[in-house]
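Trainee: what's the 3D shape of this:
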Amino acid sequence: MSAVTPSGPTIGIFASDRGPGDPERASLMSEAGRLFARRGARLACLAEEGVIPVPLITAARAAGGAVDVLADASIVLPPALKGVPITVLPERAERHARLAEMSQVLVALPGSLQSVSALFGTWSAGQKRPVVMLNRHRAYEAVRGFAADVLAHAVPGYDRKMQFAETVDELWNKVNWVIQHER
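Mentor: This is a model prediction of the structure:
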């Protein structure tokens with residue numbers, strides 16, 4: 001299915017199906033990809049160090065969505081992702097800055113430490129985009145605690161810039177909420 005021109009926000013999304021963690025990650029990626037695409041969002045994601053969020057990209061494209069991939073030089077997209085726009089940026093900091101620049105909001109799905117590190121790198125790249133995390137099975141509970149203990153003192157209005165959702169549907173609602181409150 002060909003992608004339609006997105007009518008909604010561009011979402012920088014962080015997802016990984018590698019390493020220990022929630023065994024439902026692939027299905028959560030698929031669910032989020034479909035939902036965001038159906039809502040007209042454009043997705044932008046990283047592909048680094050051999051980690052490509054294939055279920056997310058595949059589901060978004062199957063639902064008619066648009067996806068952009070920012071990758072390191074080692075990434076070769078699998079045949080199933082033929083036609084997905086890929087931009088190779090050799091430096092990690094450059095990928096993070098570009099993703100922050102092109103996104104209105106950052107979304108983190110349960111994943112690996114690598115995806116959390118990429119989220120932080122992108123957020124701190126200078127744009128300070130709002131962040132919404134899918135806290136399924138308490139995946140981001142430590143980050144929630146950090147936000148309450150540390151960010152509350154350092155980032156004015158952190159509670160408007162960092163939201164946590166328990167379901168993919170709630171994730172979409174929070175994404176809309178933070179975008180509206182950024183204006």
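Trainee: This structure: helices as residue ranges?
Mentor: 25-38, 54-62, 92-102, 113-123, 141-146, 152-154, 158-161, 168-182 (DSSP state H).
Trainee: Reformat the ones you listed as TSV; add mean pLDDT and mean neighbour count.
Mentor: Every residue, glycine included, has its C-beta placed from N, CA and C. As requested, the helices of the chain are exported to TSV (pLDDT from 0 to 100; neighbours: other CB atoms under 10 Å):
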stretch	mean pLDDT	mean neighbour count
helix 25-38	94	22
helix 54-62	95	22
helix 92-102	95	19
helix 113-123	85	20
helix 141-146	70	13
helix 152-154	66	10
helix 158-161	73	16
helix 168-182	91	17
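Trainee: Show me the one of these that comes nearest residue 10.
Mentor: Ranking the helices of the chain by distance to residue 10, with CB to CB as the measure, places helix 92-102 first at 5.7 Å.
Trainee: picking that back up, with distance to residue 74 as extra columns, can I get the helices of the chain in TSV?
Mentor: Shown next, in TSV, are the helices of the chain (distance: least, CB to CB, whole Å):
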stretch	distance to residue 74
helix 25-38	21
helix 54-62	16
helix 92-102	12
helix 113-123	14
helix 141-146	28
helix 152-154	35
helix 158-161	32
helix 168-182	30
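Trainee: Quick one: closest of those to residue 135.
Mentor: helix 141-146 (6.7 Å).
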